[in-house]
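>>> sequence below, structure please.
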Amino acid sequence: MAPAVWAGGCLLFRINQTCVFAVCPSISLVLWDVYGDCRNYNVLSGHKNAVLEVHWTPDYLLSCSADKTVALWDANKGTRVRKYGAHTGIVNSCSAARDQWGMFASGSDDCSARVWDR
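You can find the predicted model right below:
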């Protein structure tokens, strides 16, 4: 197998699962099995501009984008569960609460931080 070439973006490995996902300098989230044939098992599309950060929640993926939105994804089904669009600037960061499932925060160029409840 040839080595992977990384062109930038962010990369996150889910330790107790069999997948890794990469955000290329594009608008899609690409998910891979890291055991066996290292196959791509899903591509999550829906952001309209570059994805800037991603995080796992217990059951979902959370992403934020230069399109001013935050998205919650079902990685297994390959679908966006919900899109959050209250920011008026680029959303640079997002983070899921560790002890409160369904809650997460986002930070934006609009000088605001928002706390969301799924």
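
>>> in this protein, which segments are predicted with low confidence?
In the predicted model of the chain, residues 1-11, 13, 15-25 satisfy pLDDT under 70.

>>> in it, which spans are strands?
Remark: strands assigned in the chain by DSSP state E are 10-13, 19-23, 28-33, 40-45, 51-56, 61-65, 70-74, 79-84, 91-96, 103-108, 113-117.

>>> need the ones you listed in TSV with mean neighbour count, can you?
Where you see a C-beta, it was placed from the backbone N, CA and C, and this is true even at glycine. Shown next, in TSV, are the strands of the chain (neighbours: other C-beta atoms under 10 Å):
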stretch	mean neighbour count
strand 10-13	14
strand 19-23	21
strand 28-33	18
strand 40-45	16
strand 51-56	20
strand 61-65	25
strand 70-74	22
strand 79-84	14
strand 91-96	20
strand 103-108	19
strand 113-117	13
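
>>> distance of the closest residue to R39 other than its chain neighbours from S65?
What sits nearest to R39 in space, not counting adjacent residues and going by C-beta to C-beta, 6 or more residues apart in numbering, is D33, at 5.3 Å. Per C-beta to C-beta, to the nearest Å, D33 is found 25 Å from S65.

>>> likewise for L29?
L29 sits 10 Å away from S65, going by C-beta to C-beta.

>>> go on, N49?
For N49, the distance to S65 equals 5 Å [C-beta to C-beta].

>>> then D110?
To S65, D110 is 14 Å away according to C-beta to C-beta.

>>> show me the beta-bridge partners of the residue nearest to R39.
C19 (DSSP bridges).

>>> surely it is in contact with N42?
No. Checked against C-beta atoms under 8 Å, the pair D33 and N42 is beyond contact range at 9.9 Å.

>>> what sits against the closest residue to D117 other than its chain neighbours?
By the measure of C-beta to C-beta, 6+ apart, the closest residue to D117 outside its immediate chain neighbours is M103, 5.4 Å from it. In this structure, M103 makes contact with 96-97, 115-118, judged by C-beta atoms under 8 Å, 6 or more residues apart in numbering.
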